[in-house]
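Asker: What follows is a predicted protein model with its sequence.
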Amino acid sequence: MVAVNLLVFLLLAPFYEGIIRRVTARVQSRQGPPLGQPYFDLLKLLGKENIDAGGAWPFRLAPVVAFAAMLVVVSIVPAAGTATVLTGQGDLITLVYLLTLSGVAVLMGAFASRNAYATIGASREMVTMIMIEPVLVMMLLLAAIRHGSLDLAPLVGGGAEWAWSTVIMALVSLVALQAFVARQPFDIAEAEVELLDGPYIEYAGPNLALLKYARMLKQMFYAYVVVAVFMPATGVAAVDLPLQLVAVGVVCAALGLTGATNPRFRIDQAVRFYAVLLAVSLGAVGLVLGGY
């Protein structure tokens, strides 16, 4: 199943990115790029030369670490409730650690580049991680409390027992998803107009391809987790997986629609928004502890 997970995520992550781009373009009354454009972008970058602008080892290692961390994440996730040989080697804490490692690697590379725009973008990304990652923890913690285990198989195994706490957390997760994947209005760290891609500004060639691929994998993973945790499941992997992947496509279309119709938040506005999400998610965890 590890090979299946890797194949599904590596093949489909750029496709979902293409859906977001196409929806964004249509909302802006443009034709938009073909759905396969992200694949061509990655191939083009892989054929170019790396530029070692930072000259420091964190700058060089960051793309590899970020990409490798996301590969491990998608390898341990029990897609459609089917555990891989690696699922039992990790739990909720391992998952959060790997996601954080991928983000921290990008931050270290940005700081090591010694570019002012990259540093500002990395600072914003650090604030975002501190505020929004706990919301993901609360979402998985709620599932862990319901199942009485930190193991990933029951947490992401498909289907949730619906109660008031589940409904509230599902709504919080859908709203927070835009921030998890750093899409407008939460693309504050990259802010193409002001910061020219922020943490990625000094990267080029294969290193930039790895960073962009890792970001696409992260985007698909977050969308998949929300679908897998809250969408009812039949218990048959051959049925659940295609349905979940279709649902992920719908979620990505919603991400594109939301991003194209909302202006970017300032960092202080985003922090206040994250604080509300965190408070509501904590309330949902409190409800599940109270039996609701």
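Answerer: On my side now, so go ahead.
Asker: the helices in the stretch 1-150 of the chain, which residues?
Answerer: Secondary structure of the stretch 1-150 of the chain (DSSP state H, counting those that start in this stretch): helices at 2-27, 37-46, 57-76, 92-113, 116-147.
Asker: So which elements touch the last one?
Answerer: Under the contact criterion of 3 or more C-beta pairs under 8 Å, 6 or more residues apart in numbering; DSSP states H and E, the helices and strands touching helix 116-147 comprise helix 92-113, helix 152-155, helix 164-180, helix 192-195, helix 205-230, helix 267-289. From N, CA and C alone the C-beta is placed, and that goes for glycine too.
Asker: Including distance to residue 252, mean neighbour count and mean pLDDT, could the ones you listed go into CSV?
Answerer: Converted to CSV, the helices and strands packed on helix 116-147 look like this (distance: least, C-beta to C-beta, whole Å; neighbours: other C-beta atoms under 10 Å; pLDDT from 0 to 100):
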stretch, distance to residue 252, mean neighbour count, mean pLDDT
helix 92-113, 18, 20, 88
helix 152-155, 22, 22, 71
helix 164-180, 10, 20, 83
helix 192-195, 20, 13, 66
helix 205-230, 6, 23, 90
helix 267-289, 20, 16, 86
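Asker: For the helices of the stretch 1-150 of the chain, which has the smallest mean pLDDT value?
Answerer: Across the helices of the stretch 1-150 of the chain, helix 116-147 has the smallest mean pLDDT, namely a mean of 82.
Asker: coming back round to it: of the helices and strands packed on helix 116-147, which is nearest residue 261?
Answerer: Closest to residue 261 of the helices and strands packed on helix 116-147, according to C-beta to C-beta: helix 164-180, at 11.4 Å.
Asker: what packs against the closest one?
Answerer: helix 116-147, helix 205-230, helix 237-260, helix 267-289.
Asker: Model confidence score at residue 196, please.
Answerer: 68.
Asker: Now the terminal residues of stretch 225-236, how far apart.
Answerer: Stretch 225-236 has its terminal residues 18 Å apart, counting by C-alpha to C-alpha, to the nearest Å.
Asker: before we move on, the earlier item: distance to residue 278 added to the helices of the stretch 1-150 of the chain, as JSON lines?
Answerer: Putting these into JSON lines (distance: least, C-beta to C-beta, whole Å) gives the following:
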{"stretch": "helix 2-27", "distance to residue 278": "25"}
{"stretch": "helix 37-46", "distance to residue 278": "31"}
{"stretch": "helix 57-76", "distance to residue 278": "22"}
{"stretch": "helix 92-113", "distance to residue 278": "15"}
{"stretch": "helix 116-147", "distance to residue 278": "6"}
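Asker: Tell me which of those approaches residue 199 most closely.
Answerer: Smallest distance to residue 199 across the helices of the stretch 1-150 of the chain (C-beta to C-beta): 3.6 Å, for helix 92-113.
Asker: before we move on, back to that, now the helices and strands packed on helix 164-180 as TSV including distance to residue 197?
Answerer: Formatted as TSV, those follow (distance: least, C-beta to C-beta, whole Å):
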stretch	distance to residue 197
helix 116-147	8
helix 205-230	9
helix 237-260	16
helix 267-289	17
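Asker: how about those, which one is nearest residue 63?
Answerer: Using C-beta to C-beta, the helices and strands packed on helix 164-180 put helix 205-230 closest to residue 63, at 3.9 Å.
Asker: and the closest one, what does it pack onto?
Answerer: Using 3+ C-beta pairs under 8 Å, 6+ apart, helix 205-230 is in contact with helix 2-27, helix 37-46, helix 57-76, helix 92-113, helix 116-147, helix 164-180, helix 237-260.
Asker: try 6 Å this time
Answerer: When contacts are defined as 3 or more C-beta pairs under 6 Å, 6 or more residues apart in numbering; DSSP states H and E, helix 205-230 sits against helix 2-27, helix 37-46, helix 57-76, helix 164-180, helix 237-260.
Asker: Of all those helices, which one comes closest to residue 272?
Answerer: Per C-beta to C-beta, nearest to residue 272 of the helices and strands packed on helix 205-230: helix 164-180, 12.4 Å.
Asker: Return that closest one as PDB; C-alpha atoms alone will do.
Answerer: What follows is helix 164-180 as a C-alpha-only set of coordinates in PDB (Å, rounded to 0.1, in the frame of the first residue of the first chain):
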ATOM      1  CA  TRP A 164     -22.300  18.500  17.900                       C
ATOM      2  CA  SER A 165     -18.500  18.500  18.400                       C
ATOM      3  CA  THR A 166     -18.000  16.700  15.000                       C
ATOM      4  CA  VAL A 167     -20.200  19.200  13.200                       C
ATOM      5  CA  ILE A 168     -18.400  22.200  14.700                       C
ATOM      6  CA  MET A 169     -15.000  20.700  14.000                       C
ATOM      7  CA  ALA A 170     -15.900  19.800  10.400                       C
ATOM      8  CA  LEU A 171     -17.000  23.500   9.800                       C
ATOM      9  CA  VAL A 172     -13.800  24.800  11.400                       C
ATOM     10  CA  SER A 173     -11.700  22.400   9.300                       C
ATOM     11  CA  LEU A 174     -13.300  23.500   6.000                       C
ATOM     12  CA  VAL A 175     -12.700  27.100   6.800                       C
ATOM     13  CA  ALA A 176      -9.100  26.400   8.100                       C
ATOM     14  CA  LEU A 177      -8.300  24.400   5.000                       C
ATOM     15  CA  GLN A 178      -7.700  27.600   3.000                       C
ATOM     16  CA  ALA A 179      -5.100  28.600   5.600                       C
ATOM     17  CA  PHE A 180      -3.600  25.100   5.900                       C
END
